[in-house]
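**Student:** Sequence and predicted structure below; questions after.
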Amino acid sequence: MTPLFRIILMEHIRSQRILVELIIVGAMAFFVLRNLNDAQAIHASLVLYAFLVSLYTTSVIADSSEQPHAIQRMLALPARHLLLQAIGTSVATITIASYVVLVGVGMILNPLAMPSLLTLLLGFPSLLLLIVTAILLMLLMTPLVATTTQRIIVLAIITIPIAWNIVVSTVNLSMPSIDGTIIAAMTTVWGTLLWPPFSVYHHAIHPDYNALTVLFHLIHVCILVGVARIGRRWFAHKSLTIA
Amino acid sequence: MHLVRIKQLNVVNTPIQSVSLHIPAHRCYGIIGASGSGKSTLLNIIAGLDGVASRHVSIDGLPAHQMTRQIGMVSPRIQFASDIRVDELLLQHARLYHSSNDAIQQHLQQVVRWCVIDTMLQQPIRALSIFNQRRVAFAVALIQQPVLLLVDEPTIGLTASEQKVMIDLIEGLRDRTMTIVIATRGDAPLDPLFDMIGVLADGRIVAELDNSHIRALPRTIVIRTDGIPTAAYEHIVALDNGIVVTRRNIVLTGDGVRALAQILQVLLHYNVHIFAIEPLNHPLADLVNQAKQPHVLAHRYPVRIITSPIGEPESPQESNA
């Protein structure tokens, strides 16, 4: 997998698409790190930046991995899923590298407003978990891995909970109360799906470790393993075409 | 011994309806068919790229998706990054297959020699012509010395002279130990390469031709000269009915093609200057046209000639024997 990881990484660095990441890094440094004076706000912005950049980079690299020459490279792999591992590793590397660069720039530009190094280090495991979550979710929404139907399902699972308050209030207006109750109960199910990433995001900014948070992180890792297995299964059945 | 075995393959949302195919090892097999007949789809499936359908393809006794490292693929759609140098590209691909530097260097030297690309190693891909890019694509596909080489439309977009060089390149690969499968629409003179041909139409292989059939395909050849003396004219027309002689040209059709060697002897005897000997038709293109009536073609070249009867597959042990 290592040679493929290097190829993907070098291909992305040589492409024009990396300009987007570079521009965002510049914008973050200029508008956020230079101007904000609240350490928590800066930390929250950096974590959010890492989450969004990993979403973007995953979609870009997955898209370029769908090109015929990249699919041809896949023939060299002993197992198909190694391509997904290489993509994920590349995205995580790019995201973490740009995060570290931003932290470094922030320490130079606005050292007093930056969170302490200890806080950044303690929040890093949660940040890593958040990046992996973003990579996995985005991979499940790319044509490289999933079919159209599968992508719609993933998109629904993500968007319905976010828009649930609006949906529930609209449905409650037009349905008997009993149905409204059932739907309200379902929000818990939907909420359970999205709650972990939000909680991980919060923990990345406020890293206070205790038994409960460790347990929670373990549960989240278990969920991610399940999601990864689903992605691997979908990719194993995906039809790819060169010619 | 059959290297590739496909039995009653049906793939939804593709032209592939019921393809059964047995490709013998160390041969060059041509899959010919009209545009949209599913040739490229079939190559993708054989390459193990279709997650579901490829499981129904057996290569050397194993499912295709487990054999991808033994498969090389060349397609006109494979376009490499334009700013990368040829030697860098080859090195990248070699590292995917080989771990030791000695093995990498050894394989690189081999493919560079096979594909005659030693003069362009330092150039970026964007500086190469389509023809040279195609040769580099061959080198990339051959870097691991595949057991099976799948080639899609190798001569498309090339000039006549480039087509000849490309055919020579593939001819050179035929002498090695790999099995080659070439998909073509029949618009290029690839027929001398093939040991066997399967005609794809109606979502299945409707006819198969072996070596003797391919050599006997109807051809029309024209010999262009600077002028044919009367004595030579009389000599030539007496050879066969399928020979049409004009003041400067000789057209050979049907059995007349067999008299080519004799005609050349006659022309040399009379000191006639020969400008060109060229085909007037592509026999493969004629085959593709005939595939519009599959039952006629199937009657002339029945599938059972080459492949084992469907339903009686050879065991892997037999294949390996």
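**Tutor:** Now that the structure is in, tell me what you want to look at. Owing to the predicted nature of the structure, the values given are computational and were not obtained by experimental measurement.
**Student:** Could you verify my assumption that A:Ala62 touches A:Val145?
**Tutor:** Yes: A:Ala62 lies in contact with A:Val145 (CB atoms under 8 Å); the separation is 7.1 Å. To be clear about C-beta, it is placed using only N, CA and C from the backbone, and glycine gets the same treatment.
**Student:** Can you pick out the residue with more neighbours from those two?
**Tutor:** Neighbour count, other CB atoms under 10 Å in any protein chain shown: between A:Ala62 and A:Val145, A:Val145 has more, with 27 against 23.
**Student:** re the thing from before, okay, and the common contacts of A:Ala62 and A:Val145?
**Tutor:** A:Leu139 (CB atoms under 8 Å, 6 or more residues apart in numbering or on different chains).
**Student:** where along the chain do the helices fall?
**Tutor:** In the absence of a named chain, chain A is used. Counting by DSSP state H, chain A has helices at residues A:2-14, A:18-27, A:39-64, A:68-74, A:81-109, A:117-140, A:148-162, A:164-174, A:177-205, A:211-237.
**Student:** Wait, chain B was what I had in mind.
**Tutor:** Remark: helices assigned in chain B by DSSP H are B:39-46, B:86-97, B:101-115, B:130-142, B:160-174, B:211-215, B:230-237, B:260-269, B:283-290, B:294-300, B:316-320.
**Student:** avg pLDDT for the fourth one?
**Tutor:** Per-residue pLDDT over helix B:130-142 has a mean of 95.
**Student:** Check which helices and strands that helix is in contact with.
**Tutor:** Packing contacts for helix B:130-142, counted by 3 or more CB pairs under 8 Å, 6 or more residues apart in numbering or on different chains; DSSP states H and E, involve strand B:71-74, helix B:86-97, helix B:101-115, helix B:160-174.
**Student:** JSON lines for the ones you listed, including mean neighbour count?
**Tutor:** JSON lines is the format used below for those (neighbours: other CB atoms under 10 Å in any protein chain shown):
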{"stretch": "strand B:71-74", "mean neighbour count": "27"}
{"stretch": "helix B:86-97", "mean neighbour count": "20"}
{"stretch": "helix B:101-115", "mean neighbour count": "15"}
{"stretch": "helix B:160-174", "mean neighbour count": "15"}
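**Student:** of those, which approaches A:Met28 most closely?
**Tutor:** Of all the helices and strands packed on helix B:130-142, helix B:86-97 sits nearest to A:Met28, with 32.4 Å by CB to CB.
**Student:** Show me which residues of chain B are close to chain A?
**Tutor:** Counting by CB under 8 Å from any CB of the partner chain, the residues of chain B close to chain A are B:39-41, B:43-44, B:47-53, B:65, B:68-69, B:71-73, B:75, B:77-81, B:83-84, B:92-93, B:95-97, B:140-141, B:144, B:152, B:183.
**Student:** So what's the residue count around residue 201?
**Tutor:** Since you didn't name a chain, this refers to chain A. The local packing count at A:Tyr201 equals 18, with neighbours defined by other CB under 10 Å.
**Student:** wait, chain B
**Tutor:** Neighbours around B:Ala201, by other CB under 10 Å: 23.
**Student:** Quick one: mean pLDDT for stretch B:220-234?
**Tutor:** For stretch B:220-234, mean pLDDT is 91.
**Student:** ah, wrong one, I meant stretch B:147-166
**Tutor:** 92.
**Student:** Equivalent analysis for stretch A:77-90, please.
**Tutor:** The model assigns stretch A:77-90 a mean pLDDT of 92.
**Student:** Give me the contact list for that stretch.
**Tutor:** With contact meaning CB under 8 Å, 6+ apart, stretch A:77-90 is reached by A:1, A:4-5, A:8-9, A:12, A:57-58, A:61-62, A:65, A:74, A:132, A:135-136, A:139, A:145, A:231-232, A:235-236, B:51, B:65, B:68-69, B:96.
**Student:** Tell me the confidence at the spatially most central residue of chain A?
**Tutor:** Computing the C-alpha centroid of chain A and ranking residues by CA atoms, centre = their mean puts A:Ala134 first, at 1.3 Å. Reported pLDDT at A:Ala134 in the predicted model: 92.
**Student:** Okay, now the unreliable bits of chain B?
**Tutor:** Applying pLDDT under 70 to chain B flags residues B:304-321.
**Student:** scratch that, chain A
**Tutor:** Applying pLDDT under 70 to chain A flags the ranges A:1, A:161-195, A:243.
**Student:** Residue numbers of it in contact with chain B?
**Tutor:** With the criterion set to CB under 8 Å from any CB, chain A comes near chain B through A:3-4, A:7, A:11, A:14-15, A:67-69, A:71-78, A:80, A:235-243.
**Student:** Can I get the buried part of the residues you listed as one PyMOL selection?
**Tutor:** What follows is the PyMOL syntax for the buried subset of the residues of chain A next to chain B, where burial is set by 16 or more other CB atoms under 10 Å in any protein chain shown:
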select buried, chain A and resi 3+4+7+11+67+68+69+71+72+73+74+75+76+77+80+235+236+238+239+240+241+242+243
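**Student:** hang on, the earlier thing: in contact with the residue nearest to the centre of chain A, which residues?
**Tutor:** By CB under 8 Å, 6+ apart, the neighbours of A:Ala134 are A:Phe51, A:Leu52, A:Ser54, A:Leu55, A:Thr58.
**Student:** how close does the first one sit to chain B?
**Tutor:** Using CB to the nearest CB, to the nearest Å, we find A:Phe51 at a distance of 29 Å from chain B.
**Student:** got the contact list for that residue?
**Tutor:** Contact partners of A:Phe51, counting by CB under 8 Å, 6+ apart, are A:Leu130, A:Ile131, A:Ala134, A:Tyr201.
**Student:** hang on, the last one packs against A:Ile131?
**Tutor:** No: between A:Tyr201 and A:Ile131 there is no contact under CB under 8 Å: 11.0 Å.
**Student:** Can you say which of the residues of chain B next to chain A are buried?
**Tutor:** By neighbour count, with 16+ other CB under 10 Å, the residues of chain B next to chain A hold B:39-41, B:43-44, B:47-51, B:53, B:65, B:68-69, B:71-73, B:75, B:77-78, B:80-81, B:84, B:92-93, B:95-97, B:140-141, B:144, B:152, B:183 as buried.
**Student:** Neighbours of A:Val214, how many?
**Tutor:** Neighbour number of A:Val214 under other CB under 10 Å is 11.
**Student:** could you check the distance from B:Leu148 over to B:Tyr97?
**Tutor:** Using CB to CB, to the nearest Å, B:Leu148 is found at 15 Å from B:Tyr97.
**Student:** give the contact list for the residue positioned nearest the centre of chain B.
**Tutor:** The residue lying closest to the centre of chain B (CA atoms, centre = their mean) is B:Ile182, at 4.0 Å. The contact partners of B:Ile182, by CB under 8 Å, 6+ apart, come to B:Cys28, B:Tyr29, B:Gly30, B:Ile31, B:Val151, B:Asp152, B:Pro154, B:Ile170, B:Leu190, B:Leu193, B:Phe194.
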